[in-house]
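Enquirer: Here is a sequence together with a model predicted from it:
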Amino acid sequence: MLVSSKDMVFSSENVKKLVKRCIPKELIPVDWKCDKSDARSNLESLLECSRGQLGMFENVTALFQALTNFLTAPGCANLLQFNGIYTTLPLIHNSIRGVEYIYKKDVLELISLAVPCPFKDWQAELVRIAVKSRLKCFEADWKSRFNSHCEMVKVVIGKLKVFAANLFECANALFKNTELCMPNLPDFSNVESTDGSYEMLKSFDEKYPIEKNKQFYTRMFSWVMTVGKLFNKVLEENFMSDDSKVTVRLFKIGKDSYVMAHELLQSMKTRNMDVSEFEEEVLQMSNLATFNFREVAQKVKIEDMKNIEFIRITSKVSTIAIPIPAPDGTYCVPATDALYDLISDMIMAKKVLQGINRSQFEHIQQFFNSMEHMFPVEGGDYFISMEDVELMKAKWEKTYEDHFKSSAAVRHIRKVRKGGFTEDDLDKELGYLNLYNCFPEMKLEVELAYKVVNKERNSTLKLEDMHSAVFQCQMAILLGNLPNVYKFLHNQKMCMKWVPYLGCVMCEMAALPTLKKLLNKPSPTKEELKDLMETTTVSEVAPTPKESEVVVEEKDQDVSSDVPKKKRSKKTKKSEESNRSTSESSSSPEPKMPEASKESQSCPKCSRASHFADAANEKLRVSKVECKHLKKELANAELEVEVQKQKGMDKDERIRMLEELLKSKNDIIERQNMDLLQKQDVIMNLEMEVESNYNIIQENSTTIEHLEKSLKKKDYRINELEAQQSSEVRIMEPTRSDVETEKVRDVLFKLLEIQGTIKSGNPVLKCRELAQRICMKAQNKEIEDATRIEAIKFCKKAKIYIQAVNTQLEMIRGSRVVKPEEIPDLPEFPALSRRFLKTYEDLFKSEAPKICQSLLKTPEVKPGELADTDCLICIEEMESEEGTIKCECCKRRYHTECVQEWFKTKRTCPACSSVLLDDSEFPALGQR
């Protein structure tokens, strides 16, 4: 990702922190002052003050891109302890299935990148600070949702583009609206804030007073509120949904892919997957140990592999080790990157090789020997913790202070002329830097290093190319004198990356057996040779020197085409030339003998010569036949290799197509499973509703039958009484017993009405349903426990109330006469607590359903008090009269704290505007 320095917004303090973290302290000039208004100006002044020491960077843009590589580290703002205005560059990674993912800790920074700033100059600076402090409010809640330090979440770039477009529309509408109202601001003159927002607002208020810039401040507060609202919306809708896939990072090292063992174990455990096959093995491994992807496929079940999203983590090419989140909550870096940083500090920052001798070099060897537990010869872990990196740097600093630090000035690389530099210039520059004093063999590296630099640069070579060439020469010498370090790099699969022209002997030795299998096959039998000789015609003339040279050259070419070229010194080249000359002289044939000597059979020398010529002819014929046979076998072997490669490519293509087909089928199955679950929920709810209705109907039918029986008894009794009344002539006055009977009847009807309300409302079942909803939605053990306790208490009291109603009904319906004073009072019907109702309202964004509202007793209002219990100042309900103040005129009460804030501006009642005084300031007479 190439980012322009103009698009990045940084305060000078944050630029300084970034430079100190990424550039060694020896290369940062003492007289550099980071006091410019923008990042680019500060970096330009850094290059000017460095006076060529930072010549490895071509210009400000190259320096800026090198620094911004560190801003891609997850959570780099916390690592660098940024404050105020800053920008980070979170990376988006692709999974094996092509889905885009991002670290959870980078989500807020990614969304904030889409927030524009529609203001300019000093207004833009203040608005950015205000928006940054507003978005900080989301951090605590977002971090509470993390399951692990290296967790990742799916990201949809299209949704972020919509978010940015909505903000642009809001910005346009904001500047068109000229009727915005200025909100009431608190007095922040003596207030301190944790993030410094009040202090910053106060400083801007001194430079640009609010009274003179009301329109800007009004727009700023409106813009900050709009950004916060839309930010929260996009965060909840796109990043807070629970993804069904487990995320595991996949690191590419060499040609293989690896996963962190402890990360795999933690991620699978969070989703309750089966890890019994490899859990004990992982727990015995180091914190940063890895599994090969093939090992993962063998250890994890196929069903679980389908529910794991493997995300490719591509490491950016950088001269700075970029931290990576580790499974234990810390950070780590690739071990080779940590080693590269250490060697770069030796060569470029402290320039150790320029001022030492052979005896001092032993201290460098001893230092690396002491670091073998971090960089073992057999390779070890591919990652190293930041804690170990800091220990390694501290130990190197102590070694440097004790053995290498000197007051003598060290020479720096000089400027390159406009036409570039040549190989001879590189040689002279190495001599100027005193690198030949301790390492004269470095002269052999000049030619190869210059070729590499010249090949990479198509145009004229510049100062940064000189820095690169000098660095590669020193790196090659250092690795040549530290064999254990080079073995570590070989086992870490980085042996061919640091110095391009430096071949790896161990890689060539590993490839040599396969070459020998092709070239050193058993020689053909005599019968096979005869068959080949019959089909091959070879001249009987003795081989000329040219022919023998051709045969030798062909063999050399065959061998050299498969074996990679290695670096050779001048001494070996001279020895090879001398050997070649002797071989040519020895292989040259003897001068031709005259015909007369051939015919003379009496001369023994001539016979021996002819015998040797025949033997040489025979050997030549056999060697040519063998060479041709080997060439055919080599061509067949290469053809087989190509065929196998093509088959492998075809298999990979088929596997890819099958994976895509499997993915589409899995998606269809997941959608069908979701639909099935939804339908099952609907069916379950309907079954519960039918069952509850059936129970209500049964209870109602039983009640109706009882009522019909009691009604028949009453009718029969009424008929008897009417018959008695008709027989009596005199008119009877109502007695005390008739009045009591009337009261008992009223109580009976009231109890029957309560019983009907209870059966229709079913308070016990409704309370349990509400409690079950809260427990399913809350996902918080504390809330679940409190809800269950509240439901148990409610159901217990409700059952007591129902039992009391049934007991009184049985008492009244009995055969004996009951007096009204003998009927006990009903207990109070239970009510849900305010905490229960508030929890339900917070979770479901609606009020909880009322349970038998008609059975609840309304609270009695004391004389001289209002029924309204809300405080008009804060608009919150007052639970008790403690901590309140009452207005004697309108009888309203207010919170004491709210009234004291109100008294700072007025001494009247907010409701009736009558005089209202604080009892603590003006106590009644006789109370002092």
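Expert: All right, it came through fine.
Enquirer: For residue 395, give me its contacts.
Expert: 367, 370-371 (CB atoms under 8 Å, 6 or more residues apart in numbering). All C-beta atoms are positioned from the backbone trio N, CA, C, and that covers glycine.
Enquirer: Wait, a helix at it?
Expert: Yes: using DSSP: H, G, I helix; E, B strand; the rest coil, the assignment for residue 395 is a helix.
Enquirer: can I see the domain layout of the protein?
Expert: Per automatic domain parsing, the structural domains of the chain span 1-90, 99-243, 246-318, 362-511, 739-855, 865-928.
Enquirer: before we move on, the earlier item: please check the contacts of residue 395 and keep the buried ones.
Expert: Among the contacts of residue 395, those classed as buried by 16 or more other CB atoms under 10 Å are 367, 371.
Enquirer: Redo the contacts of residue 395 as TSV? Include secondary structure.
Expert: Listed next are those as TSV, based on three-state DSSP:
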residue	secondary structure
367	helix
370	helix
371	coil
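Enquirer: the strands in this structure, which residues?
Expert: Using DSSP state E, the strands of the chain run over residues 93-94, 100-103, 152-154, 246-253, 256-260, 290-292, 308-313, 324-325, 331-334, 383-385, 884-886, 893-895.
Enquirer: on that earlier part again, I'd like the domains of the chain written out as a markdown table, with distance to residue 687 and mean pLDDT added.
Expert: Shown next, in a markdown table, are these (distance: least, CB to CB, whole Å; pLDDT from 0 to 100):
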| stretch | distance to residue 687 | mean pLDDT |
| --- | --- | --- |
| domain 1-90 | 48 | 83 |
| domain 99-243 | 27 | 79 |
| domain 246-318 | 29 | 89 |
| domain 362-511 | 55 | 87 |
| domain 739-855 | 14 | 84 |
| domain 865-928 | 40 | 73 |
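Enquirer: what does stretch 238-248 rub up against?
Expert: Residues outside stretch 238-248 that contact it (CB under 8 Å, 6+ apart): 101, 107, 145, 151-156, 159, 259, 263-264, 267-268, 270-271, 273, 307-311, 670.
Enquirer: Return it as CSV; C-alpha atoms alone will do.
Expert: In CSV, the C-alpha atoms belonging to stretch 238-248 read as follows (Å, rounded to 0.1, in the frame of the first residue of the first chain):
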residue,chain,number,x,y,z
ASN,A,238,-20.9,-5.0,10.4
PHE,A,239,-18.5,-6.1,13.1
MET,A,240,-20.4,-7.1,16.2
SER,A,241,-22.2,-10.1,14.6
ASP,A,242,-20.9,-13.5,15.9
ASP,A,243,-19.1,-15.2,13.0
SER,A,244,-19.6,-19.0,12.9
LYS,A,245,-16.1,-19.6,11.6
VAL,A,246,-13.0,-20.0,13.7
THR,A,247,-10.1,-17.7,12.5
VAL,A,248,-6.6,-19.1,12.5
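Enquirer: Now do the single longest helix found in the chain: which elements does it pack against?
Expert: Longest helix of the chain, by residue count under DSSP state H: helix 604-727. Where contact means 3 or more CB pairs under 8 Å, 6 or more residues apart in numbering; DSSP states H and E, helix 604-727 is packed against helix 505-519, helix 526-535, helix 545-562, helix 595-599, helix 736-761.
Enquirer: Which one, of the strands of the chain, ends up nearest to residue 70?
Expert: strand 331-334 (11.4 Å; CB to CB).
Enquirer: strands paired with that closest one, and their directions?
Expert: Paired neighbours of strand 331-334 in the sheet (DSSP bridges): strand 324-325 (antiparallel), strand 383-385 (antiparallel).
Enquirer: circling back: what pLDDT, on average, does the longest helix of the chain get?
Expert: Helix 604-727 shows a mean pLDDT of 82.
Enquirer: Return the distance of it from the chain's centre.
Expert: Remark: helix 604-727 is offset 27 Å from the chain centroid, using CA atoms, centre = their mean, to the nearest Å.
Enquirer: Next, the angle from that helix to helix 736-761.
Expert: If you take axes from the mean of the first three to the mean of the last three CA atoms, to 10 degrees, helix 604-727 sits at 160 degrees to helix 736-761.
Enquirer: contacting residues around residue 716?
Expert: Contacts of residue 716 by CB under 8 Å, 6+ apart: none found.
Enquirer: same deal with residue 25?
Expert: residue 349.
Enquirer: sorry, back to before: could the strands of the chain be laid out in JSON lines, adding mean neighbour count and distance to residue 851?
Expert: Listed next are the strands of the chain as JSON lines, based on neighbours: other CB atoms under 10 Å; distance: least, CB to CB, whole Å:
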{"stretch": "strand 93-94", "mean neighbour count": "16", "distance to residue 851": "51"}
{"stretch": "strand 100-103", "mean neighbour count": "20", "distance to residue 851": "46"}
{"stretch": "strand 152-154", "mean neighbour count": "20", "distance to residue 851": "40"}
{"stretch": "strand 246-253", "mean neighbour count": "20", "distance to residue 851": "42"}
{"stretch": "strand 256-260", "mean neighbour count": "20", "distance to residue 851": "53"}
{"stretch": "strand 290-292", "mean neighbour count": "19", "distance to residue 851": "56"}
{"stretch": "strand 308-313", "mean neighbour count": "19", "distance to residue 851": "45"}
{"stretch": "strand 324-325", "mean neighbour count": "22", "distance to residue 851": "49"}
{"stretch": "strand 331-334", "mean neighbour count": "23", "distance to residue 851": "54"}
{"stretch": "strand 383-385", "mean neighbour count": "22", "distance to residue 851": "57"}
{"stretch": "strand 884-886", "mean neighbour count": "18", "distance to residue 851": "30"}
{"stretch": "strand 893-895", "mean neighbour count": "20", "distance to residue 851": "29"}
